[in-house]
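Participant: okay, sequence plus prediction incoming.
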Amino acid sequence: MSRYKALVALLLACCLEGPTARAQGAVNSVLSKPGLTYGYCSLAYLDPRVETPIHGLSELPDSIQRRLRDHLVKRLGPAFYARLVPAGGRRIDLEKLAEIDAAEKTARRWVVCSYYLCFTLRDEPAGIGSYVAQIGLDAAGRVVEEITLPDIVDKPGKAKLIALSRLQKLARNSGLQLVADSARRLYATRALTYRPQLNSLVWTVTNTRYSADDTPMQQVLTVDAHSGAILKKRRHRVLLPPF
């Protein structure tokens, strides 16, 4: 295997099938099932001196639990909210963080929340073993970073996701496939992410192939996970740094 193929293989192995976020956090323990995608509770890394793990919503103050539940039901509706499973999170000591930042002259360009929480959604017909939605709250439980799920109460159609078979057909018609094929020197990944500007979950299907001279080429297809509309198709050469 050439150095380019080895590097691409490593990069793909590190990001297979899951939503991305600012940094990799604690991994949720889930029973994987072939053919489904699995996400992770990926939270911003701050400093272990100011972080306390949250293992369940019962560890939150009662007032914050109520405010969080009320907000999620108002945004998602009671039926969709009932499908979510709490998946942990972190509490941040903002006063201690401010002291550490001042001592170490750290300038942050983003607002730090008091609470970061994760919820998982499972939808096997849609090919989802575990999509992880995240939300950030202030010390009183008010939303600072909106949950990475659509406003379903405003757009009820967003509660439904296209079947995996439809995504496979869309990919095939665009010249891509969802499963890797070593005989054809092809890597295949798919990831589900939330696009707030679209108020939609979006599938991104990526195929990486190699030319005769081992140059990696990528085809990327993005699809609205609710309507099945193709949002973008592109093909480009993968630019790798020199060794």
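Facilitator: Yep, that arrived.

Participant: thought A171 was touching L221?
Facilitator: Yes. With contact defined as C-beta atoms under 8 Å, A171 counts as touching L221 (5.9 Å). All C-beta spots, glycine's among them, are computed from the backbone N, C-alpha and C.

Participant: who touches both of these two?
Facilitator: Residues touching both A171 and L221 by C-beta atoms under 8 Å, 6 or more residues apart in numbering: V205.

Participant: shouldn't P86 be in contact with F119?
Facilitator: Yes. Contact criterion C-beta under 8 Å: P86 and F119 qualify, at 5.9 Å.

Participant: the more surrounded of those two?
Facilitator: More neighbours surround F119 than the other of P86 and F119, with 24 against 16 (other C-beta atoms under 10 Å).

Participant: next one: the closest residue in space to the more buried one that isn't next to it in sequence, what pLDDT does it get?
Facilitator: The shortest distance from F119 to any non-neighbouring residue, by C-beta to C-beta, 6 or more residues apart in numbering, is to L84 (4.2 Å). Looking at L84, its pLDDT is 98.

Participant: for P19, same thing?
Facilitator: We have a pLDDT of 30 for P19.

Participant: same thing with L16?
Facilitator: For L16, the pLDDT comes out at 37.

Participant: buried residues in the helix ranked longest in the chain, which are they?
Facilitator: Assignment by DSSP state H gives helix 62-76 as the longest helix of the chain. Buried residues in helix 62-76, counting neighbours by 16 or more other C-beta atoms under 10 Å, are found at I64, R67, L68, H71, L72, R75, L76.

Participant: can you tell me what sits against that helix?
Facilitator: 57-58, 60, 81, 84, 115, 117, 135, 137, 140-143, 146-147, 149, 151-153.

Participant: and what of stretch 51-59?
Facilitator: By C-beta under 8 Å, 6+ apart, the surrounding residues in contact with stretch 51-59 are 26, 60, 65, 68, 86, 88-93, 115, 117.
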